[in-house]
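Visitor: A predicted structure for the sequence below; I have some questions about it.
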Amino acid sequence: MLAYIVRRLLYAVPILLGVNLFTFVLFFGVNSPDDVARMQLGAKYASSDAIQRWKAERGYDKPMFYNPAGEGVRKLSDTLFVDKSLSMFALNFGQANDGHDIALEIRGRIGPSFAVALPTFVLSLFAAVTLALLLVFFRATKLDFWGVALCVVMMSISSMFYIIGGQWLVSKVWALAPVSGYAGGLDMARFLWLPVLIGVVAGLGSGARWYRTIFLEEISRDYVRTARAKGLSELATLFRHVLKNAMIPILTGVVVVIPALFFGSLLMESFFAIPGLGSYTIEAIRGQDFGVVRAMVFIGSVLYIIALILTDISYTLVDPRVRLG
Amino acid sequence: MSFQPVLLFTDLLVFILIVCTVLFASQARRHAPSREAWRRVGRQPAAMASAAILSIFVVIGFMDSLHFRPQLPPGQGESAEVQKVAYSSEVLSLLDALLTPLRTQQEKTYSAPFARESFQRETVEQADGGQARIYPRLKYGASHLEEGESRLPDIVRRLAWTPLQSLIATGALLCLLAVGVARSRGIELAVTVRHILTGRTELAWRPVLAVIFLAALLLAAGVALVPHYHVLGTDKVGQDVLYLSLKSVRTGLVIGTLTTLIMLPFAVALGIVAGYLGGWVDDAIQYLYTVLNSIPSVLLIAASVLMMQVMIDTHPQWFDTAAERADARLLALCAILGMTSWTGLCRLLRGETLKLRELDYVQAARAFGASTAQILRRHILPNVMHIVLISVALDFSSLVLAEAVLSYVGIGVDPSTVSFGSMINAARAELAREPVVWWSLASAFGFMLALVLAANLFADAVRDAFDPRRQI
């Protein structure tokens, strides 16, 4: 098991290197630092002096990959690529446009982000699986048909609608929750229950429909017939046997959901003013703070790869036949 | 009036897409299994109804893709001969021309649907010299009504004939359809009409007629009311919301379809080459898509769009008109979305090709000495096309939905391009007002729901018909 985890972590290194190189080319190759400086300074103030000063202040006045002026190993290390891109492996992200240290900012914001994303993730998985099992229980009836129809309608509605509508209805009209904001400690729940609820509802349609097809495939297996033949009730068969056996495809589906989690929390944090990574990213995008966006691409990839490894490990928990080694 | 046609990049790609679709359709007609699969789609009422809805959207989007620059009226005091023909710098589309009353009847600010007064109070001078805070009458909306005349009788009077008009239109279409079906089936015309109306034809024509009846009803009502009322209200700068919603359709369709068109060649080529050749080619392609896949797509899109914006901002000389710049941004957004979404399809195709590679007919082709390119083109590609078709259909709706989110985040279409996302974005803050300005949001979400729901239902039917695993 440990050997497997170590191996997976080692596999992650070339992928992260690829991500790193890709973002470097995207941020420094597509537009030269001069272009970026010109845009940030504004065309009016972009004299070549000002551009040089801007670059020097932020450490952009180095060659990209190879520095002939340096000595020995510094020919390779005293470059933009090492300075701005590879250093992210050491969690050194440099400074944002406003001068704050990005790494420090991220450390402070990762908590609130997880406080929204994790309950949303767990609860929507629970809700979607339960709804899917109920639909399968009533399969080939009117209830199943209209349930699936409702799911299709729900997944055709923009996630913005759930957020805007939910925030307006619950917070403004019914005044059941604060419109936006965040607090640490136990007070957190007061601010977070609405975004989490909206996240769960927004993902319910597509989730339930997806798991329903998985369960329908599972239900035509022999062991289900055996379970029924020995006199188990339909509900017990579904919740005890089918659910357990469908865990592997469910977990595989979860992998598909993880990237959507980023998307969801991005919007949710921005609308509910939760000081997490998502709202930080949106602020950076709107303020054209490229350093922060670059750091977030890297952090996002790291989190995604970790999530993938965790999913693989969870296979062993639900299916004793799977041995990682 | 003379005009100068304008061909934007996205227009060109839209036309290419249409040609591709026609070629694909003619190929599918000749090929018996795919003809049978499309028949299975056609037998489902929901699929046919959504196909009809989608075609209406496509017609709107197509009319909005025929761009031109109208000729400016001749200047004063010049004789017609010396004057050279000048064209407006504003690029219009056929849809704009058709919707001229909607486009030009601009109010000052918000007004509710069917309103006759503005949504905001204004201070006006009164006849006796004093000032008063009142809701001023709109310049165009319900401006034909007398003071104190109520709107309802007027609206009802204008709508009185619309059901009859749409019934006639639907009836005419029914006759045309019946003639076609009767000829191909060799049944009597009257019997065919009865079959269509009772829903006993093989293909589900009745829901199509129902959709067309509804569409004709809406169209007739629109023609009757639009010159006199703002049916869906106006937005912050007084633009008609119905006009904005109709303009958004093209943006949504372009993003949903062109993204796929751009990414398809890469996904298909890389996917089947990786699956068929294996070895280091496979490793390299797998590495490429694993890397791209491990960046959360919204961040990848954000980073690319930011860089694209810098590029466009630092090279203003590339574009002649504002419309061209906005169009370039739209196209770049499609390319970026395509870059992030080809990985999923590529992986599916690689897996399928791995399976196909071992099948007897591919082995036989190899034994006969067919070249790799030939095998890929003749034997592998046709047998993975169903996967391509299914994923294209399924991707469409998620792309339309993604556009709204991206525009909110600030990495969507150009601010001057009308889209569902930009409408939502502009109207979002107004929910905090009292009373609530709800109509912009409601129409953007409503149009989006109609488009995405139809696309989802149609995609489901396509998947059920083409996925061999779903056929029992």
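Guide: That came through, no problem. Residues are numbered from 1 along each chain as shown, chains lettered A, B, ... in the order given.
Visitor: Would you mind measuring from residue A:92 to chain B?
Guide: When distance is defined by CB to the nearest CB, to the nearest Å, residue A:92 is 19 Å away from chain B. For glycine as for every other residue, the C-beta is placed from the backbone atoms N, C-alpha and C.
Visitor: Within the helices and strands, which one has that residue?
Guide: Counting by DSSP states H and E, no helix or strand carries residue A:92.
Visitor: got a list of what it touches?
Guide: residue A:103 (CB atoms under 8 Å, 6 or more residues apart in numbering or on different chains).
Visitor: Please report the distance of it from residue A:103.
Guide: Going from residue A:92 to residue A:103 by CB to CB, to the nearest Å gives 7 Å.
Visitor: Also residue B:175?
Guide: For residue B:175, the distance to residue A:103 - CB to CB - is 72 Å.
Visitor: ok, now residue B:326?
Guide: From residue B:326 to residue A:103 the distance is 38 Å (CB to CB).
Visitor: Between these two, which is the more surrounded one?
Guide: residue B:326 (22 against 17; other CB atoms under 10 Å in any protein chain shown).
Visitor: how close does the more buried one sit to residue A:183?
Guide: Taking CB to CB as the measure, residue B:326 falls 42 Å from residue A:183.
Visitor: Then residue B:242?
Guide: The gap separating residue B:242 from residue A:183 is 43 Å, by CB to CB.
Visitor: quick one: what helix or strand has residue B:362 in it?
Guide: Counting by DSSP H and E, residue B:362 is part of helix B:360-367.
Visitor: in the helix or strand following that helix, what counts as buried?
Guide: Following helix B:360-367 in sequence order, the next helix or strand is helix B:372-375 (DSSP H and E). In terms of neighbour count (16 or more other CB atoms under 10 Å in any protein chain shown), helix B:372-375 has its buried residues at residue B:375.
Visitor: pLDDT of helix B:372-375, averaged?
Guide: The pLDDT scores in helix B:372-375 average 90.
Visitor: got the CA coordinates for it in CSV?
Guide: Output of helix B:372-375 as CSV, limited to C-alpha atoms (Å, rounded to 0.1, in the frame of the first residue of the first chain):
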residue,chain,number,x,y,z
THR,B,372,-1.5,2.3,-41.5
ALA,B,373,-3.1,5.4,-42.8
GLN,B,374,-5.5,3.3,-44.9
ILE,B,375,-6.5,1.1,-42.0
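Visitor: Go ahead and name everything in contact with that helix.
Guide: By CB under 8 Å, 6+ apart, the list of residues contacting helix B:372-375 reads B:276, B:277, B:362, B:365, B:366.
Visitor: and it, how far out from the chain's middle?
Guide: 37 Å (CA atoms, centre = their mean, to the nearest Å).
Visitor: do the same with stretch A:177-189
Guide: 22 Å.
Visitor: So is that stretch next to chain B?
Guide: No. Using CB under 8 Å from any CB of the partner chain, stretch A:177-189 stays clear of chain B, coming no nearer than 8.7 Å.
Visitor: Now name the helix or strand holding the most centrally placed residue in chain B.
Guide: Residue closest to the mean C-alpha point of chain B, counted by CA atoms, centre = their mean, is residue B:253 at 2.6 Å. Counting by DSSP H and E, the element that carries residue B:253 is helix B:241-277.
Visitor: Quick one: mean pLDDT for that helix?
Guide: 91.
Visitor: closest point of the stretch 1-150 of chain B to chain A, which residue?
Guide: Closest to chain A within the stretch 1-150 of chain B is residue B:46: 9.0 Å, counting by CB to the nearest CB.
Visitor: returning to what we had before: next, the angle from the helix holding residue B:362 to helix B:241-277.
Guide: 60 degrees (axes from the mean of the first three to the mean of the last three CA atoms, to 10 degrees).
Visitor: Flag the shaky bits of the chain, pLDDT-wise.
Guide: The chain I'm using is chain A. For chain A, residues meeting the criterion pLDDT under 70 lie at A:43, A:256-257, A:259-260, A:262-264, A:324-325.
Visitor: could you do chain B instead?
Guide: Using pLDDT under 70, chain B drops low at B:1, B:74-84, B:470-472.
Visitor: what secondary structure does residue A:31 sit in?
Guide: Assigned with DSSP: H, G, I helix; E, B strand; the rest coil, residue A:31 falls in the coil class.
Visitor: got a list of what it touches?
Guide: Here residue A:31 is in contact with B:307, B:310, B:311, B:314 (CB under 8 Å, 6+ apart).
Visitor: What's the local residue count around the last one?
Guide: For residue B:314, the neighbour count with other CB under 10 Å is 18.
Visitor: Pull the contacting residues for it.
Guide: A:31, A:35, A:38, A:39.
Visitor: and the second one, what helix or strand is that in?
Guide: When you say that, I think you mean residue A:35. helix A:33-41.
Visitor: Quick check: buried residues in that helix?
Guide: By neighbour count on 16+ other CB under 10 Å, the buried set for helix A:33-41 is A:33, A:34, A:35, A:36, A:37, A:38, A:39, A:40.
Visitor: got the residues of the stretch 201-350 of chain B near chain A?
Guide: B:287, B:290-292, B:294-300, B:302-304, B:306-311, B:313-314.
Visitor: measure stretch A:155-172 end to end?
Guide: Across stretch A:155-172, the terminal residues are separated by 25 Å (CA to CA, to the nearest Å).
Visitor: How about it and chain B, any contact?
Guide: Yes. On the criterion CB under 8 Å from any CB, stretch A:155-172 is in touch with chain B at A:155, A:156, A:157, A:158, A:159, A:160, A:161, A:164, A:168, A:172.
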